[in-house]
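Asker: everything below, folded, please.
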Amino acid sequence: MKNKRRSATVYIILTLVSLVMILPLWWMINTSLKDPTKVFTFQFIPHPFRWKNYLDVLDTTPFHLFYWNSIYIAVLTTLGVLLFASLAGYAFARMQFPGRNILFLCLLSTMMIPTEIITIPLFLLMRNLGLVDTHVPLIVIPMLGPAGVFGVFVMRQYFLAIPYELEEAAKMDGCSHIRIFFSIMLPLAKPALATLTIFTFLTSWNEFYEPLIYINSQELMTLPLALARFTDEVGTHWERLMSASVMATVPLLIVFFFAQKQFIEGISMTGGK
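Answerer: You can find the predicted model right below:
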């Protein structure tokens, strides 16, 4: 009976917390389907559904361009971070070289530098290279910045947890570090890669500060910048803003759904399976 009561209490608490977490999502979808005159009127279910809000977003802005820009920037950034972070993480975890620990500490220390401090030097560098008002800074800077360093840390910690016996057995069979990395370590690191994919994609998708600095042309804008365009001198068009936000949230749900599967089907942290 004690176990049942404890389980019931846990489920009740989790249900209440879930409702609190779902409330903003419900409010966003609810507002996106309301008539502009009823945006601030409480309706648990909008009546009637105004699907025209979504069409208005597509008609008044080149939303498909913003969508495409965000998608391919987030995908390329995520792939780049996964590649470089996994390679660097493997080197720091499994390879011996002079100054390895000191170099890793120096790398981690860069995460403590506020982004605002290096914004001007990076902007001047990108301007001298002729990369301002392009998508290159939005892809390259996260790979070499905090997102990439965080990825190196995550992959290093995961590779350290994999038994050394697997690597030693591969070396006895004549495998090089490259073969060990791609054939053994990388397949075993699926849970860590899935976690890093979620964090990197979400960060790139929601990034507003860097696109605001480097992007000037409307056709190169990403979704966070596009959402800010629904506020003007008159006020905020809440029904259109929420409609655009709903459409912008869909890829995040898809990525999380497929990446989360790796946590369930992936191997255990020890690599024993």
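Asker: and the gap between residue 97 and residue 151?
Answerer: Relative to residue 151, residue 97 is positioned 20 Å away (Cβ to Cβ, to the nearest Å). Yep, even glycine has a C-beta here, placed from its N, CA and C like the rest.
Asker: the two: which has the busier surroundings?
Answerer: When residue 97 and residue 151 are compared for neighbours, residue 151 comes out ahead with 29 against 8, by other Cβ atoms under 10 Å.
Asker: wait, isn't the more buried one in contact with residue 84?
Answerer: Yes. Between residue 151 and residue 84 there is a contact under Cβ atoms under 8 Å: 7.5 Å.
Asker: shaky segments in the stretch 101-250 of the chain?
Answerer: Residues of the stretch 101-250 of the chain that meet the criterion pLDDT under 70 lie in 232-235.
Asker: quick one, strands of it?
Answerer: With strands called from DSSP state E, counting those that start in this stretch, the stretch 101-250 of the chain shows none.
Asker: which parts of it are helices?
Answerer: 115-128, 136-144, 146-160, 164-172, 177-180, 186-188, 190-206, 209-214, 223-228, 238-265 (DSSP state H, counting those that start in this stretch).
Asker: closest one to residue 10 among those?
Answerer: helix 238-265 (20.6 Å; Cβ to Cβ).
Asker: packing partners for the closest one?
Answerer: If you count contacts as 3 or more Cβ pairs under 8 Å, 6 or more residues apart in numbering; DSSP states H and E, helix 238-265 packs onto helix 2-32, helix 52-60, helix 63-94, helix 190-206, helix 223-228.
Asker: those helices: which one's closest to residue 46?
Answerer: That would be helix 2-32 among those, by Cβ to Cβ, at 6.0 Å.
Asker: how far does that closest one sit from its chain's centre?
Answerer: Put simply, helix 2-32 sits 24 Å off its chain's centre (Cα atoms, centre = their mean, to the nearest Å).
Asker: pull out the buried positions in it.
Answerer: Buried residues in helix 2-32, defined by neighbour count with 16 or more other Cβ atoms under 10 Å: 30-32.
Asker: make a markdown table out of those residues and add pLDDT and distance to residue 46.
Answerer: Conversion of those to a markdown table gives the following (pLDDT from 0 to 100; distance: Cβ to Cβ, whole Å):
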| residue | pLDDT | distance to residue 46 |
| --- | --- | --- |
| 30 | 87 | 6 |
| 31 | 85 | 8 |
| 32 | 85 | 9 |
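Asker: reformat these as JSON lines; add distance to residue 227.
Answerer: Output for those, formatted as JSON lines (distance: Cβ to Cβ, whole Å):
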{"residue": "30", "distance to residue 227": "18"}
{"residue": "31", "distance to residue 227": "14"}
{"residue": "32", "distance to residue 227": "12"}
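Asker: nearest to residue 42, of those?
Answerer: The closest of the buried residues of helix 2-32, once distances to residue 42 are taken by Cβ to Cβ, is residue 30, at 9.4 Å.
Asker: can you tell me the closest non-neighbouring residue to that closest one?
Answerer: residue 46 (6.0 Å; Cβ to Cβ, 6 or more residues apart in numbering).
Asker: wait, residue 189 sits on residue 155?
Answerer: Yes. Counting by Cβ under 8 Å, residue 189 touches residue 155, with 6.7 Å between them.
Asker: looking at the two, which one has more neighbours?
Answerer: Neighbour totals were compared for residue 189 and residue 155, and residue 155 leads with 29 against 26 (other Cβ under 10 Å).
Asker: got a list of what the more buried one touches?
Answerer: When contacts are counted by Cβ atoms under 8 Å, 6 or more residues apart in numbering, residue 155 touches 85-86, 88-90, 93, 189, 192-193, 196.
Asker: one more time with 7 Å, if that's ok
Answerer: Counting by Cβ atoms under 7 Å, 6 or more residues apart in numbering, residue 155 touches 85-86, 89-90, 189, 192.
Asker: now these in JSON lines, with distance to residue 167?
Answerer: Putting those into JSON lines (distance: Cβ to Cβ, whole Å) gives the following:
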{"residue": "85", "distance to residue 167": "19"}
{"residue": "86", "distance to residue 167": "15"}
{"residue": "89", "distance to residue 167": "14"}
{"residue": "90", "distance to residue 167": "10"}
{"residue": "189", "distance to residue 167": "13"}
{"residue": "192", "distance to residue 167": "17"}
